[in-house]
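# structure, please.
(one chain, ligands or ions: 2)
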Amino acid sequence: MTHSPRKIIIDTDPGQDDAVAILLALASPEDVEVLGITAVAGNVPLPLTQKNARIICELAGKPQVRVFAGCDAPLKRKLVTAEHVHGKTGLDGPQMADPVMPLQEGHAVDFIIDTLRREPAHTVTLCPLGPLTNIATAFQKAPDIVGRVQQIVLMGGAYFEVGNITPAAEFNIYVDPEAAEIVFKSGVPLVVMPLDVTHKALTNRARVEAFRGMGSEVGRMVAEWTDFFERFDMQKYGSEGAPLHDPCVIAYLIKPDLFTGRHINVEIETQSELTLGMTVADWWGVTKRPANALFMGGVDAAGFYTLLTERLARL
Ligand code: BDR
Ligand code: CA
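Ligands and ions are numbered 1, 2, ... in the order given. Just a heads-up that it's a prediction; the model follows:
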């Protein structure tokens, strides 16, 4: 069956796994049309995330993609970064030249607002791969756009895996819990890829060698990013590889059947110091709180890596 590609905005803080997600989207024009990429502070500060987003577009051979810089700090808190996972640049691993393609003028938040007002209602999907600061700021600044969003498919949170940046919280939600609360209470249909899914989407030797074996610049870079990114989770969890968190969002748009989940209520902890940023997910339906998210729990990891390898080989 033919279908027109879904229009998306990727909101991101690259990050090696963000990079792979962006490459997957740019390699899949029949499934997703990337209207723009909006950078946010997260894994590393904004000057690096917006630069990294442009490096990735150039690597994909798509310097015409529009990249905007957004918020440089969470709504109410000091920025927490993750150089201990992603390295000083956010994309540590291979050597990379500075990008030549320009950063777009204007703020990412205004791009999100203008795009949602310009495109027909319910035709634009937001894909947040980092802290939710840009999205929440857009919703606060222009409440009229909230009802126009088709869907938000995001990476963030955890239930069974609980947390990675703290014992209770996943990084993207923890960095800006107030922004996450705005998004989770917005009423926009949400699809959430938590750690419960991404910790099942692990690299292994064969999967990384499949990237390297592509013989392309993209294959080599993805393999080298993964080599770097893996060491943290392998040491921490004793796992064979690392979770490619953010590509799960794009893979869902291309092949939703790879994932299974439940329509449940998810609330964000914004008060407790101990459990700040926790996604309190009513997986077992023990409250009467209304469902606000399709919260994923399972992934066909082999199918996910087959898709990833097939698509990246096109670039
Ligand atoms: C998330 O945090 C970042 O480090 C990754 O890019 C991913 O978006 C995983 O917790
Ligand atoms: Ca990310």
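# strands of the stretch 51-200 of the chain, residue ranges please.
Here the stretch 51-200 of the chain has its strands, by DSSP state E, counting those that start in this stretch, at 67-69, 124-128, 149-155, 190-193.
# could those be laid out in a markdown table, adding distance to ligand 1, mean neighbour count and mean pLDDT?
All C-beta spots, glycine's among them, are computed from the backbone N, C-alpha and C. Below are the strands of the stretch 51-200 of the chain laid out as a markdown table (distance: least, Cβ to the nearest ligand atom, whole Å; neighbours: other Cβ atoms under 10 Å; pLDDT from 0 to 100):
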| stretch | distance to ligand 1 | mean neighbour count | mean pLDDT |
| --- | --- | --- | --- |
| strand 67-69 | 17 | 25 | 99 |
| strand 124-128 | 9 | 26 | 99 |
| strand 149-155 | 5 | 23 | 99 |
| strand 190-193 | 9 | 24 | 99 |
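# nearest to ligand 2, of these?
strand 149-155 (6.4 Å; Cβ to the ion).
# please give the element, helix or strand, for Leu276.
Take DSSP states H and E as the rule and Leu276 turns out to sit in neither a helix nor a strand.
# correct me, but it touches Ala169?
Yes. If you go by Cβ atoms under 8 Å, Leu276 and Ala169 touch, sitting 6.2 Å apart.
# quickly list what's touching both of these two.
177, 269 (Cβ atoms under 8 Å, 6 or more residues apart in numbering).
# ok, the two, which is more surrounded?
Legend: neighbour count by other Cβ atoms under 10 Å for Leu276 and Ala169, higher for Ala169 (26 against 18).
# mind listing what that one touches?
158, 163, 177, 269, 275-279.
# go again with 6 Å.
With contact set as Cβ atoms under 6 Å, 6 or more residues apart in numbering, Ala169 has these partners: 163, 277-278.
# tell me the confidence at the residue in the stretch 201-315 of the chain that ligand 2 sits nearest to?
Closest residue of the stretch 201-315 of the chain to ligand 2, Cβ to the ion: Asp246 (4.9 Å). Note on Asp246: pLDDT of 98.
# for it, give its distance to Pro290.
28 Å (Cβ to Cβ, to the nearest Å).
# who's more crowded, the two?
Neighbours per residue, other Cβ under 10 Å: of Asp246 and Pro290, the larger number sits with Asp246, 31 against 9.
# wait, the residue of the stretch 201-315 of the chain closest to ligand 2 touches Gly130, no?
No. If you go by Cβ atoms under 6 Å, Asp246 and Gly130 don't touch, sitting 8.4 Å apart.
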